[in-house]
Structure formats: C-alpha cells, structure tokens
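Asker: sequence below, structure please.
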Amino acid sequence: MSVLKTDLRDVNIVVIDLAETAACLEAAFSAAGAAAFVVSDLQSSRRLGPSFLPDVVVMDPGTIADREVRALAFRWADDDRCVTIFYDTQWPEGHYGRNGMIHKSRPIAEVVEAAVRGIKGRAPGGRTKS
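Answerer: Numbers count the residues shown, from 1 in each chain. Here you go, the predicted structure:
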C-alpha cells in the first residue's frame, strides 16, 4: 500500500501503545505527513493539554495501565470528530477492518491506510459520516 506524504498533512494522530510498536506507528504516521504524538503514561498525556482532541487515535486498549489515560483514550474514541483505530490482538483476525479494528499481525502500513480512509470519510466540519 502506498501512502502519499501529503495524505495526512495537518492531521494530529495520537498513538497509545507499548514502546516498540508505538515508535513504529509514530514513524509511519510521521512519514505520511501527520503530527504524531505517543501517549504511554499519564505524564506524556499531559503534554497535549486538557482540551486537545486528535483527528485520529490509534490504541491498543490492553496496554493502557493508567486509569486516567484509559479514560482520556476512550473519551477521544467516543467523540465522533475523532477517527478511532483499535490495533490489538484481542479479537480474531477475521474482524480486520471492521469498526476500526486491526489485528496486530497486519502491517503498520494498513493502520496508516485506515487513518487516511477515516480522515477522507469525515464529513465537512470534522464529524465522521454515518
């Protein structure tokens, strides 16, 4: 899958995952032109500010140990202005692509493509199309 560098220009992405995976996702999103932020704990989440809302959040819910970070992540996920991608191993691979779920066995390029599709699928004003 080829992602043009400008596909995610001016898009804010938050990645919530463990160090190695988060670094790979951050690099892939940065290469696609996005401003990528990694949230790994409460301290790193505070850098973003209380009213920050990302355009896309990519998370592995199983890696969120801090209760406040979990609440923040799911507040973002519940906002229909934010494209949510769950990148996890907790469901069968057959669920790939449904409802923003991508199994971690899939290449990171597919996560970036899902973000591009999600951003392109938003209606004017930032809300996701129903």
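Asker: so the residue positioned nearest the centre of the chain: helix, strand or coil?
Answerer: With distances taken as C-alpha atoms, centre = their mean, residue 58 lies nearest the centre of the chain, 2.0 Å away. Following DSSP: H, G, I helix; E, B strand; the rest coil, residue 58 is assigned to strand.
Asker: that one and residue 8: what is the separation?
Answerer: Separation of residue 58 from residue 8 (C-beta to C-beta, to the nearest Å) stands at 12 Å. Just so you know, the C-beta spots here come from the backbone N, C-alpha and C atoms, and that holds for glycine as well.
Asker: who touches both of those two?
Answerer: residue 115 (C-beta atoms under 8 Å, 6 or more residues apart in numbering).
Asker: sheet partners, orientation included, of the worst-scoring helix or strand of the chain on mean pLDDT?
Answerer: Across the helices and strands of the chain, the lowest-confidence element by mean pLDDT, DSSP states H and E is strand 101-103, at a mean of 86. In the sheet, strand 101-103 lines up against strand 83-88 (parallel) (DSSP bridges).
Asker: who touches the strand it pairs with?
Answerer: Contacts for strand 83-88 (C-beta under 8 Å, 6+ apart): 17, 21, 25, 55-62, 76-77, 100-104, 111, 114-115, 118-119, 121-122, 128.
Asker: could you pull up phi and psi at residue 14?
Answerer: The phi/psi pair for residue 14 (degrees, to the nearest 10) reads phi -110, psi 130.
Asker: which residues does it contact?
Answerer: Counting by C-beta under 8 Å, 6+ apart, residue 14 has contacts 36, 37, 38, 39, 48, 54, 56, 57, 58, 59, 76.
Asker: which of the residues you listed are buried?
Answerer: 36, 37, 38, 39, 54, 56, 57, 58, 59, 76 (16 or more other C-beta atoms under 10 Å).
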